[in-house]
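# Quick one, structure for this:
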Amino acid sequence: MPYTILVTGANKGIGYEAVKLLSQRKPDATILLGSRSIQNGEDAIAKMKSSLPSHSFSNIKVLPIDITSSSSLQSAAEHVKSTYTTLDVLINNSGISELNGDPKHPAIFDVNIRGAKDAIETFVPLLTPKIGIVTLVSSVVGPWYMTELGADTPLHKKLDDYKSVSWEKVEAWMADWQVYADGGKSEDQWVPLDKGVIGSRYCASKAILNPWIRWYAAKHPELHIAVVCPGYCATELNNFQGTRSAAEGGESIIWPVFNQFESGKFYQDGNEMSYDTFKW
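Here you go, the predicted model:
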């Protein structure tokens, strides 16, 4: 039975680099390059071949997938099941920081939170029993957001109390953030939007998603779930302003494939990170 790895959002940036590295380091595995467009996926493979002619990258297969579409997720899962039977590793890398230049666009929550949840719940039933791995790409901007809130604030305490999280609470937090962003009377005091990046919907999405994945990992002790941060990488997501390369980010997010880790914990470059506090 072939060893199979799926990386979503993999036709560019960190996901692209992750697939490129996995193809070389696991030549006997099938690496599924998740892309909303088949053509974009094929172009990504062609780019890899051009950049490193000594490696064929023949073990990479494009898997059309849009994690915000239930029908797309279902079709992708059915293809994986019928073709490979099981999935050994899911790396949910898909994420956006804006849409059409709008850093407050609702699609950010749809991709970064709802899409991540739906992707994980869709593919977990296909994971190879006992050895299957879920890697969720998150970011230290989640802990940064928590730090900005202040450790003694009610919202910080709610977000850190992952054991009492439910999906209903996650949806309520997203709705409350929107009320706050629109200038309405929200239940909680979120980081002001005028704080720049830290007050953005993108940063809020990571602060909201992290407690859910911690809860999910605790609820499913039979699973191996790693949450990883690629670091501040220069990619399209941040207009190529990062201080690390996309390849370094790719290294960070594939680390759980090759190393032992504690399920539900947060890592960057193999080092455990805090979920609720971030220090520069």
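
# From here on, just use CA atoms for contacts and neighbour counts.
Fine.

# Give me the contact list for the helix ranked longest in the chain.
For the chain, the helix that runs over the most residues, judged by DSSP state H, is helix 201-219. By CA atoms under 8 Å, 6 or more residues apart in numbering, the residues outside helix 201-219 that reach it are 96-98, 103-105, 108-109, 112-113, 138-139, 141-143, 145-146, 159-167, 170, 173-174, 197-198, 223-225, 263-265, 275.

# Out of the residues you listed, name the ones that lie in strands.
Counted as lying in strands by DSSP state E, out of the contacts of helix 201-219, are His224, Ile225.

# From the contacts of helix 201-219, list just the buried residues.
96-98, 103-104, 108-109, 112-113, 138-139, 141-143, 145-146, 159-160, 162, 165, 170, 173-174, 198, 223-225, 263-265, 275 (16 or more other CA atoms under 10 Å).

# show me where this structure has helices.
13-25, 38-51, 70-84, 107-109, 116-123, 141-149, 154-160, 167-181, 201-219, 246-258.

# Please name every helix or strand in contact with the fifth one.
The contact analysis (3 or more CA pairs under 8 Å, 6 or more residues apart in numbering; DSSP states H and E) places helix 116-123 against helix 70-84, strand 89-92.

# again, 10 Å this time
Judged by 3 or more CA pairs under 10 Å, 6 or more residues apart in numbering; DSSP states H and E, helix 116-123 is in contact with helix 70-84, strand 89-92, strand 133-137, helix 201-219.

# could these be laid out in a markdown table, adding distance to Ala151?
What follows is those, written out as a markdown table (distance: least, CA to CA, whole Å):
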| stretch | distance to Ala151 |
| --- | --- |
| helix 70-84 | 37 |
| strand 89-92 | 29 |
| strand 133-137 | 24 |
| helix 201-219 | 13 |
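
# Comparing those, which stretch has the densest surroundings?
Neighbour counts (mean count of other CA atoms under 10 Å) averaged over each of those peak at strand 89-92, with a mean of 27.

# Extract the CA atoms of it and return them as PDB.
Extracted as PDB, the C-alpha positions of strand 89-92 are listed here (Å, rounded to 0.1, in the frame of the first residue of the first chain):
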ATOM      1  CA  VAL A  89      -0.600  12.500   6.100                       C
ATOM      2  CA  LEU A  90      -2.900  15.500   5.700                       C
ATOM      3  CA  ILE A  91      -1.100  18.900   5.700                       C
ATOM      4  CA  ASN A  92      -3.800  21.600   5.700                       C
END
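
# Next up, the contacts around Asp28.
Pro2, Tyr3, Thr4, Asn59 (CA atoms under 10 Å, 6 or more residues apart in numbering).

# Can you tell me the closest non-neighbouring residue to the first one?
In other words, Pro2. What sits nearest to Pro2 in space, not counting adjacent residues and going by CA to CA, 6 or more residues apart in numbering, is Ala29, at 6.1 Å.

# cool, the third one as well?
Here the nearest residue to Thr4 in space, its sequence neighbours aside, is Thr30; by CA to CA, 6+ apart that works out to 4.8 Å.

# Next up, the contacts around the one you found.
Per CA under 10 Å, 6+ apart, neighbours of Thr30: 2-6, 22-23, 58-61, 84, 87-88.

# let's see 8 Å
Pro2, Tyr3, Thr4, Ile5, Ser23, Asn59, Ile60, Lys61.

# No further questions, thank you.
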